[in-house]
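In: Got a predicted structure plus its sequence, pasted below:
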Number of protein chains: 2
Amino acid sequence: MSAIETPTGDELLKILTALGNPHRMRIVAALAQGRNYVSRLAREIGVSRPLLHMHLQRLEAAGLVVGSLELSDSGKAMKFFELAPFAYALTPQVVAEAAGTLTDQDENEKQNEKQDETRHRKARTQ
Amino acid sequence: MSAIETPTGDELLKILTALGNPHRMRIVAALAQGRNYVSRLAREIGVSRPLLHMHLQRLEAAGLVVGSLELSDSGKAMKFFELAPFAYALTPQVVAEAAGTLTDQDENEKQNEKQDETRHRKARTQ
DNA sequence: CTTGGGTGTAAGAAGAATCTGACATGTGGC
DNA sequence: GCCACATGTCAGATTCTTCTTACACCCAAG
């Protein structure tokens, strides 16, 4: 069985913006019928390959699909994508809880934190 | 108990794009603690009132919140918003099924034609 | 070595979403 | 009248997302 995941605010945000797009919804629908590689998928759903590439990246960044570069028997590199078995509940409580852990806003100094700590070390006595 | 709703493609798309925004997630979180009126909510979550107005419209259009214009005992008009008790499941199957009913593209001009526009510009020859 | 099919990515145009700063309206109280 | 506080809306600037059009590379078959 599949447990219902409880994502953090940023994760949920990425998931929602990833799925909140007609093309990407269709991509998910297409992959629900089985894995596929990029060029073929692009032909099947009538989308340019670079565009599909962008959408797949967005879906993969949200953890909704997984891609793997494989070598076909004839030696060609082909990138296959398949669905990740995600399961999220969309309720006010889930959204409210996730909103509490949103790291957005002007908290741009997100990764500057760790640097600030280390730069406080020993004085430059040389 | 709350049954899990199965939206159409367009509905799900509106829901996802409505929730896929940090501000609107925080608005949902704020309303999860009780109903509130616009100006006060704007002050509490630190957002300009016109901006909050826009976000609330988006949430209401998606059916996630409901607003009602009420008259306070002192006669002032105040628009209260509260959460709608939504509950959606976010799984590949749900998305795939919804994607099939996407009325996407600009096939919006289906029955948008209702009446003949006043294209009779009379020649004002006096 | 050219063609066909696979991969990735970057630049810039086009479009949509977001946000601010006015403006307009109504009410009650001083 | 003026102020405080509520409502709504609009124009424009800004920013983000989406999409096209190129370019790069690799491998195999003709």
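Out: Good, I have the coordinates. Numbering: from 1, shown residues only, chains lettered A, B, ... in the order given.

In: Doesn't A:Phe81 lie inside a strand?
Out: Yes. Assessed with DSSP: H, G, I helix; E, B strand; the rest coil, A:Phe81 lies in a strand.

In: What ranges does chain A have for its strands?
Out: With DSSP state E as the criterion, chain A has strands at A:36-37, A:65-71, A:77-83, A:88-90.

In: Now do the contacts for the residue nearest to A:Lys14 when sequence neighbours are not counted.
Out: Counting by Cβ to Cβ, 6 or more residues apart in numbering or on different chains, A:Lys14 lies nearest to A:Ala62, which is 4.5 Å off, once chain neighbours are set aside. The way it works is simple: take the backbone N, C-alpha and C, and place the C-beta from them, glycine included. Neighbouring residues of A:Ala62 by Cβ atoms under 8 Å, 6 or more residues apart in numbering or on different chains: A:11, A:14-15, A:17-19.

In: close to DNA strand C, is stretch A:28-42?
Out: Yes. Using Cβ under 7 Å from any atom of the strand, stretch A:28-42 reaches DNA strand C at A:37-40.

In: Measure how buried the residue of chain A found nearest DNA strand C is and give me the count.
Out: Residue of chain A nearest DNA strand C, by Cβ to the nearest atom of the strand: A:Ser39 (3.0 Å). Counted with other Cβ atoms under 10 Å in any protein chain shown, the neighbours of A:Ser39 add up to 13.

In: now check stretch A:5-22, is it near DNA strand C?
Out: No. Using Cβ under 7 Å from any atom of the strand, we find that stretch A:5-22 stays clear of DNA strand C, coming within 9.0 Å at best.

In: buried set for that stretch?
Out: A:7, A:9, A:11-21 (16 or more other Cβ atoms under 10 Å in any protein chain shown).

In: Output those residues as CSV; include the columns pLDDT and distance to A:Gln93.
Out: Below are the buried residues of stretch A:5-22 laid out as CSV (pLDDT from 0 to 100; distance: Cβ to Cβ, whole Å):
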residue, pLDDT, distance to A:Gln93
A:Pro7, 92, 13
A:Gly9, 94, 14
A:Glu11, 96, 16
A:Leu12, 98, 12
A:Leu13, 98, 16
A:Lys14, 98, 20
A:Ile15, 98, 16
A:Leu16, 98, 16
A:Thr17, 98, 20
A:Ala18, 98, 22
A:Leu19, 98, 19
A:Gly20, 97, 20
A:Asn21, 98, 25
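
In: can you redo those residues as TSV with distance to B:Ala77?
Out: Output for the buried residues of stretch A:5-22, formatted as TSV (distance: Cβ to Cβ, whole Å):
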residue	distance to B:Ala77
A:Pro7	39
A:Gly9	34
A:Glu11	40
A:Leu12	35
A:Leu13	34
A:Lys14	39
A:Ile15	38
A:Leu16	33
A:Thr17	35
A:Ala18	39
A:Leu19	37
A:Gly20	33
A:Asn21	37
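
In: how about the residues of chain A near DNA strand C?
Out: Near DNA strand C, when you scan chain A using Cβ under 7 Å from any atom of the strand, you find A:37-40, A:49-50, A:53, A:67, A:69, A:76-79.

In: let's see it at 10 Å
Out: Within reach of DNA strand C by Cβ under 10 Å from any atom of the strand, chain A has these residues: A:17, A:20-21, A:36-43, A:48-54, A:56-57, A:60, A:67-70, A:72, A:74-81, A:104-105.

In: Check those for burial and list the buried ones.
Out: A:17, A:20-21, A:36-38, A:41-42, A:52, A:56, A:67, A:80-81, A:104.

In: Could you pull up the residues touching A:Gly100?
Out: Taking Cβ under 8 Å, 6+ apart, one finds A:9, B:29 in contact with A:Gly100.

In: can you tell me how far the closest residue to A:Arg24 other than its chain neighbours sits from A:Ile27?
Out: Distance criterion Cβ to Cβ, 6+ apart; nearest residue to A:Arg24, sequence neighbours excluded, is A:His55 at 5.1 Å. Separation of A:His55 from A:Ile27 (Cβ to Cβ, to the nearest Å) stands at 6 Å.
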